[in-house]
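Colleague: sequence? don't have it. structure:
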């Protein structure tokens, strides 16, 4: 799974460098194995472009480029679904750059009726662009709680599947708030009133992101690749991420932590180990996350080898819609 989005920090980056070029490299890497991506498209950003494109030629060009790109990816067999970063609804375009509203990153920060309008308008527009009704969702910043607030939006908008849960993790920042320490992992499950609690009678299905333990040594190596500017490690994306909290950085550098199975940059180094750990646990499902904007030459090569290896071992690559 990939979150199809620009950067969310002070510099959002360009469509070409954050989305189009890295997706070309990523799709080329997996094409020989028949693997396809599920892309969670930042539909709030897409709808904001649509709203402003008549006033700004640059945004009109950006909008047309993304629409064309999404339709091309769909025609190639990739699964496109819904992603919401609500701060785009409040952001403005001034002097040739986005001015992001950093106070409204989570749907739970917004009055319900306003959140309902943001959710519905973004989804309806994405569906119109794609030519089908999206039914799966990933929350911006993985922030789905309180569950009943979100499932009310799901019920009103035809969402049946979520893939936001990071089992075993808790995080608190102005941009992200979630607590998935009690969520099950390793298989899709039905849920209702509480996204952490399986409910066979629940109306919704959770596809949790696969998690694995990572030692501090890995993160020190990661820091070293950035400080030493190791060739092939620079991401294609040309924006700036939201900064992690000092507490989370300190935690990762000093003790063993739980991390997502990901293809992002140097972090793909742990992907095979994460997969093997999932096999040992007997997990029925291995759900990987990535962001095109964070892809680099190193991660694309590693992804190609990973897919080739597991095609030979008989594993099945599926999209969210096939679960």
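Modeller: Yes, it's here. Fair warning: this is a prediction, and the values are worked out from it, not measured in the lab.

Colleague: let's verify the residue in the chain sticking out farthest from the centre: helix, strand, or coil?
Modeller: No residue in the chain sits farther from the centre than residue 55, which is 29.5 Å out by Cα atoms, centre = their mean. Under the three-state scheme (DSSP: H, G, I helix; E, B strand; the rest coil), residue 55 adopts coil.

Colleague: can you pull the contacts of residue 269?
Modeller: By Cβ atoms under 8 Å, 6 or more residues apart in numbering, the contact set of residue 269 is 218, 221, 302. Glycine gets a C-beta too; all of them are placed from N, C-alpha and C.

Colleague: where in the stretch 1-150 of the chain is pLDDT low?
Modeller: Applying pLDDT under 70 to the stretch 1-150 of the chain flags no residue at all.

Colleague: can you map out the helices along the stretch 51-200 of the chain?
Modeller: Remark: helices assigned in the stretch 51-200 of the chain by DSSP state H, counting those that start in this stretch are 57-75, 112-130, 147-157.

Colleague: any idea how far the first one is from the chain center?
Modeller: Yep, that's helix 57-75 we're talking about. The chain centre lies 19 Å from the centre of helix 57-75; the measure is Cα atoms, centre = their mean, to the nearest Å.

Colleague: what are the buried residues along that helix?
Modeller: For helix 57-75, burial by neighbour count (16 or more other Cβ atoms under 10 Å) applies to 59, 62, 63, 65, 66, 67, 69, 70, 73, 74.

Colleague: repeat for stretch 256-263
Modeller: Those would be 257, 258, 259, 260, 261, 262, 263, for stretch 256-263 by 16+ other Cβ under 10 Å.

Colleague: just give the nearest non-adjacent residue to residue 10, would you?
Modeller: residue 240 (5.2 Å; Cβ to Cβ, 6 or more residues apart in numbering).

Colleague: and residue 304, by the same measure?
Modeller: Nearest to residue 304 is residue 29, by Cβ to Cβ, 6+ apart, at 4.1 Å.

Colleague: repeat that for residue 79.
Modeller: Distances taken as Cβ to Cβ, 6+ apart place residue 319 nearest to residue 79, at 3.7 Å, with adjacent residues excluded.

Colleague: what is the neighbour count of that neighbour?
Modeller: Applying other Cβ atoms under 10 Å, we find 18 residues neighbouring residue 319.

Colleague: roughly how far apart are it and residue 287?
Modeller: 11 Å (Cβ to Cβ, to the nearest Å).

Colleague: what's near enough to touch the residue lying closest to residue 14 once chain neighbours are set aside?
Modeller: Leaving aside its sequence neighbours, residue 14 sits nearest to residue 238 (Cβ to Cβ, 6+ apart; 5.7 Å). By Cβ under 8 Å, 6+ apart, the contact set of residue 238 is 11, 13, 14, 17, 18.

Colleague: so residue 238, which state does it fall into?
Modeller: Per three-state DSSP, residue 238 ends up coil.

Colleague: and it, what's its pLDDT?
Modeller: pLDDT for residue 238: 96.

Colleague: roughly how far does it sit from residue 15?
Modeller: 10 Å.

Colleague: what do you get for residue 96?
Modeller: 14 Å.

Colleague: am I right that residue 259 is in a helix?
Modeller: No - under three-state DSSP, residue 259 falls outside any helix and is assigned strand.

Colleague: does residue 200 touch residue 190 like I think?
Modeller: Yes - counting by Cβ atoms under 8 Å, residue 190 is a contact partner of residue 200 at 5.7 Å.

Colleague: what's around residue 131, how many residues?
Modeller: Neighbours of residue 131 using other Cβ under 10 Å come to 8.

Colleague: so who does it touch?
Modeller: residue 74.

Colleague: how close does residue 151 get to residue 195?
Modeller: To residue 195, residue 151 is 8 Å away according to Cβ to Cβ.

Colleague: out of the two, which sits in the more crowded spot?
Modeller: residue 195 (27 against 21).

Colleague: per-residue pLDDT, the more buried one?
Modeller: The model's pLDDT for residue 195 equals 98.

Colleague: and residue 245, by the same measure?
Modeller: 85.

Colleague: ok, it touching residue 173?
Modeller: Yes - between residue 245 and residue 173 there is a contact at 5.0 Å, judged by Cβ under 8 Å.

Colleague: burial count for residue 104?
Modeller: Neighbours of residue 104 (other Cβ under 10 Å): 21.
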